[in-house]
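Novice: Got a sequence here, can you build the structure:
(chains A, B and C)
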Amino acid sequence: MASSPLSCSASDLYPLLGDGANATAAAEFICGRFEAISNKFVDTGYAVDNTYLLFSAYLVFAMQLGFAMLCAGSVRAKNTMNIMLTNVLDAAAGGLFYYTFGFALAFGSPSNGFIGQHFFGLSKFPSPSFDYGYFLYQWAFAIAVAGITSGSIAERTQFVAYLVYSSFLTGLVYPIVSHWFWSADGWASPARAENLLFGSGVIDFAGSGVVHLVGAVAGLWGSLIEGPRIGRFDHAGRAVALRGHSGTLVVLGTFLLWFGWYGFNPGSFINIMKSYESGSYYGQWSAIGRTAVTTTLAGCTAALTTLFGKRLLVGHWNVTDVCNGLLGGFAAITGGCSVVDPWAAVLCGFVSAWVLIGCNKLAEKLHYDDPLEAAQLHGGCGAWGIIFTALFAKEAYVNEVYPGQPGRPYGLFMGGGARLLAAHTVQILAIVAWVSVSMGTLFFILHKLKLLRISAEEEMAGMDLTSHGGLAYVYTDHEDELKKQLGVV
Amino acid sequence: MASSPLSCSASDLYPLLGDGANATAAAEFICGRFEAISNKFVDTGYAVDNTYLLFSAYLVFAMQLGFAMLCAGSVRAKNTMNIMLTNVLDAAAGGLFYYTFGFALAFGSPSNGFIGQHFFGLSKFPSPSFDYGYFLYQWAFAIAVAGITSGSIAERTQFVAYLVYSSFLTGLVYPIVSHWFWSADGWASPARAENLLFGSGVIDFAGSGVVHLVGAVAGLWGSLIEGPRIGRFDHAGRAVALRGHSGTLVVLGTFLLWFGWYGFNPGSFINIMKSYESGSYYGQWSAIGRTAVTTTLAGCTAALTTLFGKRLLVGHWNVTDVCNGLLGGFAAITGGCSVVDPWAAVLCGFVSAWVLIGCNKLAEKLHYDDPLEAAQLHGGCGAWGIIFTALFAKEAYVNEVYPGQPGRPYGLFMGGGARLLAAHTVQILAIVAWVSVSMGTLFFILHKLKLLRISAEEEMAGMDLTSHGGLAYVYTDHEDELKKQLGVV
Amino acid sequence: MAALTCSASDLQSLLGGAANVTGAAEYICTRFATVSDHFADTAYAVDSTYLLFSAYLVFAMQLGFAMLCAGSVRAKNTMNIMLTNVLDAATGGLFYYLFGFAFAFGSPSNGFIGRQFFGLESFPSPSFDYGYFLYQWAFAIAAAGITSGSIAERTQFASYLIYSSFLTGFVYPIVSHWFWSADGWASAGRADGNLLFGSGVIDFAGSGVVHMVGGIAGLWGALIEGPRMGRFDHEGKSMPLRGHSGTLVVLGTFLLWFGWYGFNPGSFLNILRVYGDAGSYYGQWSAIGRTAVTTTLAGSSAALTTLFGKRMLAGHWNVTDVCNGLLGGFAAITSGCSVVDPWAAIVCGFVAAWVLIGCNKLAEKFHYDDPLEAAQLHGGCGAWGIIFTALFAKETYVNEIYSGRPGRPYGLFMGGGGRLLSAHIVQILVITGWVSVTMGTLFWILHKFKLLRISADEEMAGMDLTSHGGLAYAYYDEHDDAMQEKSFMMTRVDPQAV
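Specialist: Next up is the predicted model:
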């Protein structure tokens, strides 16, 4: 914080005060005060930045609530309790695992480029480089990943299997990926000291790849190995929509996610009190505002595109699709939100809507069943977001957000050359490979051990009755008769 | 931020240091540091103010979620998807329109008093006067207006008509009104440089008029032209309550709106780091706290008044009415929240509750059907709020919040004369006139073009089935039979 | 500010030979004065921003309570319980404004009750600003919210109005005065020296002041009313009366979790405060982050413990129980959140889960019926939290947060001796005593006046129909009878059915 011109050494000053009776004392007197001032600025900086970071972390946490409601609304009533329990546990189990080793594996520098190795159980915390607020913020990100995956394999996965993969994902797979791209030591980090990947490193600002793509690829494998839900595709192989039980919950969840995304993207700046040139109205605070705007515009455009696109393709104005389109736009802009102009964000949202529609068509053709379209949405749009950033990243913004390396590559279409694009292609490949190897194998093993999928009877009756002690809703006092009706004692 | 005594010019200082060996150097040395300090204060100010403004904007955005839930709960189950879709699109379409020209028309100064003309598509942004955070905050306000209107015409409006009026309202009608009263150039703005309206200008701090009255008058015309829902008034002309399908959603929405209102009212200060007299504990931060308190008290009083009032009139303790009363209190205090004392806020809430009850009685007598009481609530209570401010605005607060023009008029009952009241009466008339002309005409045209209201069959079957591809809720697995019953293929 | 004070007379003598010494000295010193004023402004702005947004989060907990309660009762009483939650906030606002805040924080006063700031007169003062009032109000309404859960589904609305205003306006403010006001007889930050056991009670965010108070009040109400009809059958076997919507329970729980980040870390009230030397990365901001972390970990471990515990005891993975366990963990860590290490928070949550399970078993044995487990959760886990703090409070943290009195007692297991523990035991006894005397009596009187419990047929029909003008849900068109038998939705609703 203390910028150089504030530093004041008595030895410099007193010769200037010259033959004053006791110039030395005067110089010390004055400099002592400047000392105090620059210290107070340091304090102020910490206070402001932590306020900003903490409230951003709370917003990101609110996304977990959004996921819970979105998932609940998108599954059938008989599996509501099951999916919501997974969401609660994503946060709870995630908290413990990320505390014990997740954070250490992700940000435990000094370390090698592949995995961190300090701060297990937050030992030696806080350090000058990391404070508790930062841990909380990263934890909120980690639990989001598991939330994405649980959507893909909803309505047909054994609860034990969920417990296993969820802790594996939050505690090991995700932290390692975030170390690669976000830790100062990561082999593909744009902030590492020397030999950046393609002289640029990967600009995945808030995690289109690190968060969304990871969660999606994991879900993809789980869902592929399990196969579709009973009745999702009829004998002729035609797709039958298994609609979620409550559109209201879907909208509620979507809005909550939108709300939380303002912590997710602008919050990723971590600190707000950083001037790009002291005394000017333009600084990090302004870049943060811009990030919030790009985020908003990308989502809005994607929503409208989906609305009209679906109207043309399907023939009615579908709110669930609009909600998914909206979220697709957010997932896409997440990677580049801080380094692109608002107009580019509009473009990003427009394309991501079509990417999502395309992925869904594809999934249907391949008989891939994903109750929340999580793999299509977070995977497809996330991947597009990574490419988008490599195409539209603006020079000025890139250098402001990732300072210290003048003349780094930026967006291809902005005249910044293809090195950034190359780095981002590598990112996609690396993530897909790593997650497939780790999570794919895990799901396959669970499958072989008959631990992955529930029995057909259970699936028909619904998991709430079979393993969670009752349905989510009891609108009349006749629940018992109800249970009989459904053939459950 | 840099108040004069901090500015330090070497030329002033060195004669004082006098015959010191090289006094000039000493002076420059010292002044250079004070320079740096005042710059750092500027940075700090921007960081703190933007943090405050951004999180306030997020809260205001959360109100959109509140509207969605409130509307959903207040309509019948068969129209839930329709109304929620409008709420999602208010935010999405609003984002694009406000970005492309809405903001420009509202705040594009330098301009004339009637319409702004800069920053189309956020070109030349950020400027020393406006930053991205400010745009985001104003966008969140703009979408609230469309949300209010969509409530009045719920359950019977064609989706196309909605798309048309919504973009027109958010993109043109509302921005112009906000330019009049909130832009520094506006003809009725209290902050304009010279010749204020009645030497005072309109004190509509957070928009009882600019936001609530506008949305309500628009809704009033739409609803009048469409006429009541089928079955709302029986053959004898007696009113039949068409109850919303979920009280829980109404309460959820109300609480979310209350939550968001803490961004809406206190947030309208835009910046928090502004001392009224440097070094004192009393400053803008304190006024902001007071605003939050007046807001709370007005809503609380209105809720209690409605509770007991309705108990006497209707005979039971009705939570939906209490929620509406609460919101009425908020809509009323919005205009004066920053310039009245807490005790006055209590008064404001008490009256607004009776205003709402009265408006509802009136609406019933005139066979006016408004599913969410939006016109009565935001229009009636909003108008009362404007008058209230003109009566109870306190001199000290008015001069703190609108500085620079000593001796400006304040509340009539506080001894500030009637000029403020005159200005506010003009505001009400101007808003009603402008919105009636613009929106009234629009709705009338749509009506003539048979684009406004849905067919009777559609209305009976419910719009979710006819135009949104299915009901919002599927608690059993028999939706298809359900559809057959309703005669929909 | 110490190092920033600059007196012209000092500097003058130092500048010595300069031409216009006085002028130079004043010139420089005025600037330093301005700087320190600016710092004062900055601090107010930053701290107010922090406090206000924390207050908003705490308010969001009221929404959480509303949804949690709604989901945990049967559909026929939903409107009733939600109305009480709305009114907790509304009546709370007025009463706390008129005298609640004055009783709680109206210093200068004696150790038992405050007596300034009625109706926020002579507000703001150098010591209290509006943001602080708002924050405390949000706390006060939470206490009433807890109680309304215990007596849900069978209490007359009139009696709710009475006890709620009494609790928010009188009982709770006095307790908070004892432990949180600078004058309180058991306050850890007491102005005059003599602290209770030389330590005072460290109830940072209110395991006792908020949760136990609400829990005990609810306990008496529920005891005097007796269980809901059908809760225990003829041979006294307990028959669970499940809430009508698990979704609302989860929604409410998450909202409470969200709000708890304002409740615990927010209780620091200001964030721009240094520990030790200025210019270090470690200060109040860091302690606030730690508090958020301890809160999170306590809740998380409690949730997991409940999950597996219930799996063994009950045989299925129950989300409602997990939610309650989670909240139990939060209620427990609330008092010590700022003075314990993260690892201790995990212990706290683990035990809290078992405390809750135990209390529920106990309640069942004694045929005590609490629709939201509020007394067990906020009372039981709250009490455990108070003890926990007395065992695990860490010396350095205690001295940072309650500074100015070196060598104050801290956690027993951390080697801080038993004085803190004894102070906290006194707190539990005193709170239980005071709330029982006041609220217990009130409920008993209401009971005697036949104002407390609704009639049996009202209870069967559900209060929404009898006193709130209709059921909460109407999923199908009221005229469209074709649908009725098809669904297990609400049956036809007649607005006139009273």
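Novice: all helices for the stretch 51-200 of chain A, in order.
Specialist: A:80-97, A:103-107, A:132-152, A:159-168, A:174-182 (DSSP state H, counting those that start in this stretch).
Novice: where in chain A is pLDDT low?
Specialist: For chain A, residues meeting the criterion pLDDT under 70 lie at A:1-7, A:9-10, A:14-16, A:18-22, A:476-489.
Novice: And it, split by domain according to the record?
Specialist: A:39-453, A:454-489 (automatic domain parsing).
Novice: Looking at these, which is nearest to chain C?
Specialist: domain A:39-453 (3.0 Å; Cβ to the nearest Cβ). In this view, the C-beta of every residue, glycine as well, is placed from N, C-alpha and C.
Novice: How many residues are close by residue A:101?
Specialist: A count of nearby residues for residue A:101, using other Cβ atoms under 10 Å in any protein chain shown, gives 17.
Novice: need the contact list for it.
Specialist: Contacts of residue A:101 were listed using Cβ atoms under 8 Å, 6 or more residues apart in numbering or on different chains, and they are A:120, A:121, A:171, A:172, A:175.
Novice: farthest-separated two in those?
Specialist: A:121 and A:172 (15.7 Å; Cβ to Cβ).
Novice: Name the residue in those two with the higher neighbour count.
Specialist: Between residue A:121 and residue A:172, counting by other Cβ under 10 Å, residue A:172 is the more crowded of the two (18 against 15).
Novice: ok, the more buried one touching residue A:106?
Specialist: No: judged on Cβ atoms under 8 Å, residue A:172 makes no contact with residue A:106 at a distance of 10.2 Å.
Novice: Output the contacting helices and strands for whichever helix or strand residue C:349 is part of.
Specialist: In the assignment (DSSP states H and E), residue C:349 maps to helix C:342-365. Where contact means 3 or more Cβ pairs under 8 Å, 6 or more residues apart in numbering or on different chains; DSSP states H and E, helix C:342-365 is packed against helix C:284-314, helix C:319-333, helix C:382-392.
Novice: List the buried residues for that helix?
Specialist: C:342-357, C:359-360, C:363 (16 or more other Cβ atoms under 10 Å in any protein chain shown).
Novice: Residue C:143 and residue C:169 touch, don't they?
Specialist: No: assessed by Cβ under 8 Å, residue C:143 is found out of contact with residue C:169, at 11.2 Å.
Novice: which of the two has more neighbours?
Specialist: residue C:143 (30 against 22).
Novice: Leaving out the residues flanking it, which one is nearest to the more buried one?
Specialist: residue C:214 (4.3 Å; Cβ to Cβ, 6 or more residues apart in numbering or on different chains).
Novice: correct me, but that neighbour touches residue C:141?
Specialist: No: here residue C:214 does not reach residue C:141: they are 10.4 Å apart, not a contact under Cβ under 8 Å.
Novice: Next secondary structure after whichever strand or helix holds residue C:442?
Specialist: Assigned by DSSP H and E, residue C:442 falls within helix C:441-448. Later in the chain than helix C:441-448, the nearest helix or strand by DSSP H and E is helix C:456-461.
Novice: what is the mean pLDDT for that following helix?
Specialist: When pLDDT is averaged along helix C:456-461, the result is 89.
Novice: any idea how far it is from the chain center?
Specialist: 33 Å (Cα atoms, centre = their mean, to the nearest Å).
Novice: And for the residue in the stretch 251-400 of chain C that chain B sits nearest to, the neighbour number?
Specialist: Closest to chain B within the stretch 251-400 of chain C is residue C:251: 8.0 Å, counting by Cβ to the nearest Cβ. Here the number of neighbours of residue C:251 (other Cβ under 10 Å) works out to 30.
Novice: Check the gap between the residue of the stretch 51-200 of chain C found nearest chain B and chain A for me.
Specialist: Of all residues in the stretch 51-200 of chain C, residue C:130 sits closest to chain B, at 3.0 Å by Cβ to the nearest Cβ. To chain A, residue C:130 is 19 Å away according to Cβ to the nearest Cβ, to the nearest Å.
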